[in-house]
Each structure stands twice: as C-alpha cells, then as structure tokens.
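Trainee: I'd like to go over a predicted model; first the sequence, then the structure.
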Amino acid sequence: MKEYDLLIIGGGPGGYVAAIKGAQLGLSVGLVERDKVGGACLHRGCIPTKALIQSTHLYELCKRSKEYGIVTEGVSTDFSAFHKRKNLVVNRLFGGIEHLLKKNKVDVLKGTGRIASPDKVIVREGGKIKEEISTKYILIATGSSPMIFDGLPYDKKNVLTSDDVLELEEIPSSLLIIGGGAIGVEFAYIYNALGSKVTVVEMMDEILPANDKDVGSALRKSLTKKGVNFLTQTALEGIEIKESSVETTIKKKDGNSDGNTETLQSEKVLLAMGRKPETKDSGLEDLNLEFNGRFINVDENMQTSRSGIYAIGDVIGPPLLAHLASAQGMLVAHNIAGKDFPPINNNTIPAVTYTNPQVASVGMSQEAAELEGYDVKIGRFPFMANSKTQIIGEGEEGFIKVITDTSSGEILGVHLIGHEVGELIGGMSLAMNLEATNLEVSANIFPHPTLSEVLAEAFHMIEGKAIHI
C-alpha cells in the first residue's frame, strides 16, 4: 500500500497547486485525478473560454481597423481556427502542469478517489479497485460541474451547458442564454460578436447580480448597444426541443405579481444557471461531514468537521473561482507542513468577467457596504478622461468606482468596467490586503500614460479633487 503525507482528490487549480506547494514544502504528495490535471478551469472553463474571447476581440478590432489607419478588406472568421488555437493554448498549459507535477515529484494517480476513512483512500478506475492509499491527510478538491435543473431536456446538441458550447463547430443563428452571471454574459459577448442573435434571460433585476449594480447596469447597456437582448426579472418556465428549433417559455415578473408567459424560439439554448459541487463516488456520505446546503463546511484553515480531512475550491461554496481554490490549496499545504501562511481575507478576493468591456471587482458593493452599516464615500472616474484609453480606442464608456469608509479611509470595494481592467484589479486586492487608505493610493505614483492612472484619480474623487475631470 502506498503511503503519503498528503493525498489530494482532484487535480484542478486547487488540487494541483496544493500538490506542488506541498511537495515544495517537503511533504510526500499523491494526487488522484480521474480525467486530466488542470481540471474544469483549464479544459472546460476559464482557459478555453478566454481563448475564444481573445479571437473574438481581435475580430472586432479588425472590423474597426480603419479607425487606427489600417485598411483591411473582407474580414471574416474561421470558427474552426478559433477552436484550433483554443485547443493549442489548453494543450500547452496542460503539458506545463504535467511537467511541474513530475518536476516536483508529485505522484499522479489515475482514477476516482473514494475516501474509505480519514487515513485511507481507494482509487477506482473503470469501476474496479485499482489501489488503496494510506495517508496522514486528505484534501478534497473535486471541483464543480454545470447545474442542470431536473425536467429540462438537456441533450448536449440543442440545449447546452458551458462545457458543450465550447465545442460548437458552427456559430448558431440564434442563442438563448439562461443566466446573466459571468458565464452567461461571456458567451453572450462571444456569440453576439460572431453574428448570432443572442438573448439573455436573468431572474434578478440586473445582470452580474453578485457585482455592484452600477457596473452590472453599465455592462448591460454596453452589450445591448452591440446587439445583445437582455430580459431581466424573468424566470424560466420550461424548454421544449422541436424539430428545427428550441422553444423556451419564460415569465416576466410584474411587481409583486406573476407576469405573462412568453415563448421564445432559438436554434440553441445555453444553460448558465450556476455550478454544483462534484462529490459523486467520493465516499463523503459515509464520513458524516458537516455541509452547508450542497457545499462542505470548513473552518478558516479549510479543515472539515473531520480532523485530517480538508476541502477547497468549488466543493466548499462560492465564490467559485480558480484563483481562490489555488490560494486555499496553498494555505492547506502550508498548514499541514507546519509553515506560516497568511489567512485568506474573503473581502479581498478579486473577480473578473471577460467580456469586452471587461468587468473587475474586489471587496464589497456599495449596496453591501451600506447594509453593513458603513458611512461610505464614493469616488468615480470615467475612462473617457484617461489618456491611455484614448490611445487604445476601447473602453471609453467605462469607469472605476471606489467605496471607502468615511471616518477611516479604509477601502471597502473597487469596481471597474473598461478595457482589460482585469489586469488592474490585482493591485487593488493587494492594496486592500495591506490596509492602504484612499489617501495612500491617491498619493501613489502611477506611470503615464497607463490605464492604472484611473486608480489614483478615483481616490482623488473621494475628496472631489480629481485632476483630469
């Protein structure tokens, strides 16, 4: 029987990062993965989606090239080439992860890991027991999969999830998306730009409901101008696959009463209603772990209610973010190895939606801060007044919004919509972790001309004294 200090079940961005860091810290590490290391993020989520977005964005720029003094004729897309490049990016990164695991002497065990006890895991492959593993500690990092509600006719051809839509060989003439969160609006951006008639149905009163409302509203207006149709405060009633189309019945909320139902026709329907934790065949039902709804309960060190068993990533609940899972994995590895590691600050976890324009945020929304009882000061600065934005020629409709505590100057939240703002939000996460105040950020020297200058300007706006507006 193989023996390890740490056995990890699931090789996604949480599991493989924990494995590498654990090995670097001197632990003997085994990693059980039933598919490919890298997980859903690399193979069916973050990376392939963003590769398609990059190709889509370049197509948009080519159609506007005359604005930049470049003459192009007959610009068109080769969707098969989009997929070819997407797959090339994924395979390069996959090979890199395999190399890093080997380099750090992590044993990768092919199969499905089932926890038999807090110190033993059974690895199965093809329904048969492959081997039994003895371990001091277990880390559950099995990730999540797209949510499919019971009763929906999910056939992977006409009614799709985010996994399936990544493999579409042709651009549909029309696409109805159920869900206006990050996944839904990213695919709305892609397929609208490529010529599909796109409609997004969202139950809440604004898209990106987890974000600050001002930012969600601004993105909706931007994508609406580009041709995306949004139906907010609208619930899904049912889906029926017909011979040549899909019929989706929806109901619009009407104040405090139910509104009228309507049936929409589209070539394809994308279900983007969230994700559920992947715990099937893991043995959790026999461990008497504490759960919070569908998600595993953990403490601040990511330990479950059973000593020696840890859990990270999507199985412990929102926000379901690859970079958060990686941070949690490093925290667990350090704790098991007896090394110090800063605790995770849940208010400084950044998030990005990779539409064009992008949306990025960290910390509390204005609504959440006010509900918490803070006396807030808001600073807002438009990208239109930023010189680099004018040079790039994109994102002029965007802005940065910062939320601070009036008495202390503490930064409570930062929200941006604009060109490549995902590259800015990490700096704001760092500033908040280091407990920087609005004055300290406004006094920082940012290089000119860059998009980052909007950070200083927004915090100058807290006192109503921005330079360039």
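Mentor: Thanks, I have it. All values reported here derive from a predicted model rather than from experimental measurement. Numbers count the residues shown, from 1 in each chain.

Trainee: residues near the closest residue to Gly308 other than its chain neighbours, how many?
Mentor: Using CB to CB, 6 or more residues apart in numbering and skipping residues adjacent in sequence, the residue nearest Gly308 is Pro118, 4.8 Å away. In short, each C-beta sits where N, CA and C put it, glycine included. Other residues within reach of Pro118, judged by other CB atoms under 10 Å, total 16.

Trainee: Pro118 contacts Ile138, doesn't it?
Mentor: Yes. Applying CB atoms under 8 Å, one finds Pro118 in contact with Ile138, separated by 6.7 Å.

Trainee: common neighbours of these two, please.
Mentor: 308-309 (CB atoms under 8 Å, 6 or more residues apart in numbering).

Trainee: residue closest to the middle of the protein?
Mentor: Leu321 (4.9 Å; CA atoms, centre = their mean).

Trainee: quick check: chain neighbours aside, which residue is closest to that one?
Mentor: Nearest residue to Leu321, sequence neighbours excluded (CB to CB, 6+ apart): Ala351, at 6.2 Å.

Trainee: which residues does that neighbour bridge with?
Mentor: Ser361 (DSSP bridges).

Trainee: in what helix or strand does Val269 lie?
Mentor: Assessed by DSSP states H and E, Val269 sits inside strand 268-271.

Trainee: after that strand comes which helix or strand?
Mentor: strand 275-277.

Trainee: given that following strand, what are its sheet partners and their directions?
Mentor: Partner strands for strand 275-277, per DSSP bridges, with pairing direction: strand 144-146 (antiparallel).

Trainee: got the contact list for the partner strand?
Mentor: Against strand 144-146 from outside (CB under 8 Å, 6+ apart): 40, 161-163, 271-272, 274-278, 313-315, 320.

Trainee: mind checking how far that strand is from the chain centre?
Mentor: 12 Å (CA atoms, centre = their mean, to the nearest Å).

Trainee: give the next helix or strand downstream of that strand.
Mentor: Following strand 144-146 in sequence, per DSSP H and E, is strand 159-160.

Trainee: counting by contacts, list what that following strand packs against.
Mentor: Secondary-structure packing of strand 159-160 (3 or more CB pairs under 8 Å, 6 or more residues apart in numbering; DSSP states H and E): strand 268-271.

Trainee: quick one: buried residues of the strand it packs on?
Mentor: 268-271 (16 or more other CB atoms under 10 Å).

Trainee: hmm, back to that, the strand holding Val269 - what's its average pLDDT?
Mentor: Mean pLDDT, computed over strand 268-271, is 98.

Trainee: would you map out the domains in the protein?
Mentor: 2-146+276-337, 159-273, 347-463 (automatic domain parsing).

Trainee: distance to Leu152 for these - can I get that in TSV?
Mentor: Converted to TSV, these look like this (distance: least, CB to CB, whole Å):
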stretch	distance to Leu152
domain 2-146+276-337	11
domain 159-273	6
domain 347-463	25
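
Trainee: so for Ile469, which of those domains sits nearest?
Mentor: domain 347-463 (4.9 Å; CB to CB).

Trainee: isn't His323 up against Gly14?
Mentor: No. His323 is beyond contact range of Gly14, at 9.7 Å (criterion: CB under 8 Å).

Trainee: show me which of those two is the more surrounded one.
Mentor: Neighbours were counted for His323 and for Gly14 using other CB under 10 Å; Gly14 has more, 34 against 19.

Trainee: where does this protein have low pLDDT?
Mentor: 255-258 (pLDDT under 70).

Trainee: perfect, that will be all.
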